[in-house]
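Chemist: model this:
(chains A and B)
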Amino acid sequence: MTSTVDTARPAGNPPPAARPGARRRARRPLSETALPYLMLAPAVVLMLALLAWPALQVLAISFRKLDLGELVRGELKWIGFDNYTAILTDPEFWVIGLRTVLFTAVVVLTTLLLGLGIAVLMRHLSGWVRIVLQVCLVLAWATPIIATTTVFQWIFDQQYGILNKTLVLIGFDSFKGYSWFTSGTSTLAVVGLLVVWQAVPFIAFTLYAGLVSTPKDLYEAAAIDGASGWAAFRAVSWPSVRPLLTLVTFLSVLWDFKVFTQVWAIRQGGPDGESTTLPVLLYLRGIAASHFGVSAAVAVLMLVVLVAVTWRYMRLLVRSPETEL
Amino acid sequence: MLHKSPAQRVALAVFGLVLAGFFLFPTYWMFTTALKTPAQILSPAYDLIPTTATLKNFVNAITKPDFTTFLTNSLIVTLGAVACALAAGLLAAVPLARLRFRGRKGFILLVLIAQLAPLEALFVPMYLIMRDADLLNSLWGLLLVYVAFTLPFTVWTLRGFVKGIPIELEEAAMVDGCGRWGVFTRVTLPLLGPGLVATSVFSFITAWNEFLYALVFMREKDKQTLPVWLSSFKTAFGTDWGGIMAASVIYAIPALIFFLLVQRKLVSGSTAGAVKG
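Modeler: Purely as a prediction, here's the structure:
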């Protein structure tokens, strides 16, 4: 980005001194200095009151014993790290944590590969086929989560589901009355498919926008130089898609790690808790069982995992020249 | 690479159509199931393509008591949240992209970290805050919650879009005698169209889909939203698949209309603004 600055700077400014901001700031009237803060105020107030403050409270609650009784009586019982010890020594937590990480990894990877594949494909499809594909993607994207979840339950229905009917029709008789929800793995596979199905359109369109913004001459130049297929993709498309791919990977990790509605709606984490993920555990311990302290500790641990995974990228985002002026 | 033989072209088209079918199928199945009678739904016959259709499921769903109340509530909360998030987000995005001030990076970091929090985790403190502010059972309360949830993403994405507008255009308008406000309304805002659209899709989806907070915060029936209404079709006695599919279609229609309205700008905009310097 160019070294553009504040529109308040008069035209024909002398080259910036060692600290260009200092002199200008001194000359600026108070209203100018206050302007950015005034403009940020609504967003800051909302985010502090309804995100930062509740988040700090969750952190505080994770060091308290807070069940329904304490909540009703408004009692403060500090118990230090007891909630954390209870969770971290519970083997179930580690199983669920590992399951959540694996689920997230598989879903994110599948979504990205499929999304990237479709984005590249869209570039090569001719007119109407591309439009058909795009319309179908938009339809999938726009269908609300709860509606989609219900349809998936219906498709995978044990007795009347179209999937089992189709499998029987083409000769797999063992699928007559087959239940897809008897094991945690197959339940999570269905949930994963559901999440991928909903997430791919956004990824595909974002990456497609990146690909389309690559000038066509570059491909022609690459073709003249003898690069074709894979080589041309690596040399021409990849540089323009890479930053977008990093961004959607970051967003996908955030979103898929926190998936709750779909897992909960399909089988409430069952059978026997085998498809329970961390967000479901959070809900079960907290809102369902009223152990809010334990639940808050789970939330804090989830946040720690997410920060650990995304820290490098966030630092990159904050420090990159792109956030400079 | 851009020149392909006819065989390759046909293969690509077939592949594209198969993928299109994969993404269309659940939506297609939702529509066709909604058009079936209970007997057809529970018949063992293979019925991928329906032969007859009934609108009874739709009529039943729409004439359920309070349907219009749920629909109105959902529309108010969602569109309100989208408008508020865009307004507050845009106000914050402009100085973040254009002005130099102390605390800028700190704010950007806050915006990024705010997206990490699992929303289910904030439930209890949020409940207490809303209770103390007397905003439980109020559409305003729910609207505020949704604005807060979508604001970090909105600010972040819009900041990118504002930066994408060449500053020379704004300077040129200033030279032509526009004031700050004039520059904003005549230059910046019109150019931000695709950015605003792409961002509004995100807040729309979040607010339109949200279930947990709506269920618990809105105790009175006349304040509840469509996701809660949809869950009322499942009872202990089993699921009325035709009814719930018709309800799902009805629930999906406003979202589809919204997407169709913004679709063209969406495909070109998406989050391109989020990373462009």
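Chemist: where does pLDDT dip in chain A?
Modeler: Applying pLDDT under 70 to chain A flags the ranges A:1-28, A:321-325.
Chemist: so where's the longest helix in it?
Modeler: Identified as the longest helix of chain A according to DSSP state H is helix A:91-124.
Chemist: and that one, anywhere near chain B?
Modeler: Yes - with CB under 8 Å from any CB of the partner chain as the measure, helix A:91-124 is seen reaching chain B through A:Ile118, A:Leu121, A:Met122, A:His124. (C-beta placed from N, C-alpha, C; glycine too.)
Chemist: the closest residue to chain B within the stretch 151-300 of chain A - how many residues pack around it?
Modeler: Closest approach between the stretch 151-300 of chain A and chain B, counting by CB to the nearest CB: A:Ala299, at 3.3 Å. Look at A:Ala299: counted by other CB atoms under 10 Å in any protein chain shown, it has 28 neighbours.
Chemist: now it: closest residue in space that isn't a chain neighbour?
Modeler: Excluding the flanking residues, the one nearest A:Ala299 by CB to CB, 6 or more residues apart in numbering or on different chains is B:Ala121, at 3.3 Å.
Chemist: need the contact list for that neighbour.
Modeler: A:Val58, A:Leu282, A:Gly286, A:Ser295, A:Ala296, A:Val298, A:Ala299, A:Met302, A:Leu303 (CB atoms under 8 Å, 6 or more residues apart in numbering or on different chains).
Chemist: these: which two are farthest apart?
Modeler: A:Gly286 and A:Leu303 (14.7 Å; CB to CB).
Chemist: next one: the longest helix along chain B to chain centre, how far?
Modeler: Determined from DSSP H, the single longest helix within chain B is helix B:67-98. Using CA atoms, centre = their mean, to the nearest Å, the mean C-alpha position of helix B:67-98 is found 10 Å from that of the whole chain.
Chemist: mind giving me the packing neighbours of that helix?
Modeler: Packing contacts for helix B:67-98, counted by 3 or more CB pairs under 8 Å, 6 or more residues apart in numbering or on different chains; DSSP states H and E, involve helix A:30-47, helix B:104-114, helix B:139-164, helix B:193-209, helix B:226-231, helix B:241-269.
Chemist: which of those has the lowest mean pLDDT?
Modeler: Of all the helices and strands packed on helix B:67-98, the minimum mean pLDDT falls on helix B:241-269 (a mean of 80).
Chemist: that helix versus helix A:91-124: what angle between them?
Modeler: Per axes from the mean of the first three to the mean of the last three CA atoms, to 10 degrees, the angle that helix B:241-269 makes with helix A:91-124 is 60 degrees.
Chemist: so helix B:241-269 versus helix B:193-209, what angle?
Modeler: Going by the same axes, to 10 degrees, helix B:241-269 makes 160 degrees with helix B:193-209.
Chemist: before we move on, the earlier item: list the buried residues in the longest helix of chain A.
Modeler: With burial defined by 16 or more other CB atoms under 10 Å in any protein chain shown, the residues of helix A:91-124 counted as buried are A:93, A:96-97, A:99-100, A:103-104, A:107-108, A:110-112, A:114-116, A:118-124.
Chemist: ditto for stretch A:206-226
Modeler: Buried positions in stretch A:206-226, judged by neighbour count with 16+ other CB under 10 Å: A:Thr206, A:Leu207, A:Tyr208, A:Ala209, A:Gly210, A:Leu211, A:Val212, A:Thr214, A:Tyr219, A:Ala222.
Chemist: against which helices or strands is the longest helix of chain A packed?
Modeler: Helices and strands touching helix A:91-124, by 3+ CB pairs under 8 Å, 6+ apart, are helix A:127-142, helix A:184-212, helix A:238-257, helix A:278-283, helix A:292-319, helix B:6-34.
Chemist: buried deepest among these, which one?
Modeler: helix A:278-283 (a mean of 24; mean count of other CB atoms under 10 Å in any protein chain shown).
Chemist: tell me which other helices or strands it touches.
Modeler: Judged by 3+ CB pairs under 8 Å, 6+ apart, the packing partners of helix A:278-283 are helix A:91-124, helix A:261-267, helix A:292-319.
Chemist: pLDDT wise, what is B:Phe31 at?
Modeler: Looking at B:Phe31, its pLDDT stands at 91.
Chemist: for it, give me its contacts.
Modeler: With CB under 8 Å, 6+ apart, B:Phe31 has these contacts: B:Met245, B:Val249.
Chemist: B:Leu136 too?
Modeler: Contacts of B:Leu136 by CB under 8 Å, 6+ apart are B:Tyr127, B:Met130, B:Phe217, B:Met218, B:Arg219.
Chemist: convert the C-alpha atoms of the helix or strand harbouring the second one to CSV, please.
Modeler: With the criterion set as DSSP states H and E, the secondary-structure element containing B:Met130 is helix B:123-132. As requested, the backbone C-alpha atoms of helix B:123-132 are provided in CSV (Å, rounded to 0.1, in the frame of the first residue of the first chain):
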residue,chain,number,x,y,z
PHE,B,123,-24.2,-17.2,27.8
VAL,B,124,-24.3,-16.8,31.6
PRO,B,125,-22.8,-13.4,32.0
MET,B,126,-24.8,-12.2,29.0
TYR,B,127,-28.0,-13.5,30.7
LEU,B,128,-27.1,-11.6,33.9
ILE,B,129,-26.3,-8.4,32.0
MET,B,130,-29.6,-8.6,30.1
ARG,B,131,-31.5,-9.3,33.3
ASP,B,132,-29.9,-6.4,35.1
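Chemist: any part of it near chain A?
Modeler: Yes - applying CB under 8 Å from any CB, one finds helix B:123-132 in contact with chain A at B:Phe123, B:Val124, B:Pro125, B:Met126, B:Leu128, B:Ile129.
Chemist: for those residues, which one is nearest chain A?
Modeler: B:Pro125 (3.7 Å).
Chemist: what does the pLDDT read for that closest one?
Modeler: Looking at B:Pro125, its pLDDT is 89.
Chemist: pull the number of nearby residues for it.
Modeler: Each residue near B:Pro125 was counted by other CB under 10 Å, and the total is 21.
Chemist: could you do the one 3 residues further on as well?
Modeler: Here the number of neighbours of B:Leu128 (other CB under 10 Å) works out to 14.
Chemist: just the element for the closest residue to it other than its chain neighbours, please.
Modeler: In space, and not counting its chain neighbours, B:Leu128 is closest to A:Gln57: 7.8 Å by CB to CB, 6+ apart. A:Gln57 belongs to helix A:53-61 when assigned by DSSP H and E.
Chemist: so for the very next helix or strand once past that helix, what gets flagged as buried?
Modeler: Using DSSP H and E, the helix or strand that follows helix A:53-61 in sequence is helix A:68-73. For helix A:68-73, burial by neighbour count (16+ other CB under 10 Å) applies to A:Glu70.
Chemist: next structured bit after helix A:68-73?
Modeler: Following helix A:68-73 toward the C-terminus (DSSP H and E): helix A:82-88.
Chemist: give me the most central residue, the chain.
Modeler: No chain was given, so I picked chain A. A:Trp255 (2.3 Å; CA atoms, centre = their mean).
Chemist: switch to chain B, that's the one I care about
Modeler: Nearest to chain B centroid, counting by CA atoms, centre = their mean: B:Ile205, 1.8 Å.
Chemist: need the contact list for that residue.
Modeler: Contact analysis of B:Ile205 by CB under 8 Å, 6+ apart lists A:Pro144, B:Ala255.
Chemist: stretch A:136-149 vs chain B: in contact?
Modeler: Yes - using CB under 8 Å from any CB, stretch A:136-149 reaches chain B at A:136-148.
Chemist: hey, C-alpha coordinates of that stretch in PDB?
Modeler: What follows is stretch A:136-149, C-alpha atoms only, in PDB (Å, rounded to 0.1, in the frame of the first residue of the first chain):
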ATOM      1  CA  CYS A 136     -26.600 -24.200  -6.400                       C
ATOM      2  CA  LEU A 137     -23.800 -23.000  -4.200                       C
ATOM      3  CA  VAL A 138     -25.700 -19.800  -3.200                       C
ATOM      4  CA  LEU A 139     -28.800 -21.900  -2.400                       C
ATOM      5  CA  ALA A 140     -26.800 -24.100  -0.100                       C
ATOM      6  CA  TRP A 141     -25.200 -21.100   1.500                       C
ATOM      7  CA  ALA A 142     -28.400 -19.300   2.100                       C
ATOM      8  CA  THR A 143     -30.400 -22.200   3.600                       C
ATOM      9  CA  PRO A 144     -30.400 -21.600   7.400                       C
ATOM     10  CA  ILE A 145     -28.400 -23.900   9.600                       C
ATOM     11  CA  ILE A 146     -31.400 -25.400  11.400                       C
ATOM     12  CA  ALA A 147     -33.300 -26.000   8.200                       C
ATOM     13  CA  THR A 148     -30.300 -27.800   6.700                       C
ATOM     14  CA  THR A 149     -29.700 -29.800   9.800                       C
END
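Chemist: cool, thanks, signing off.
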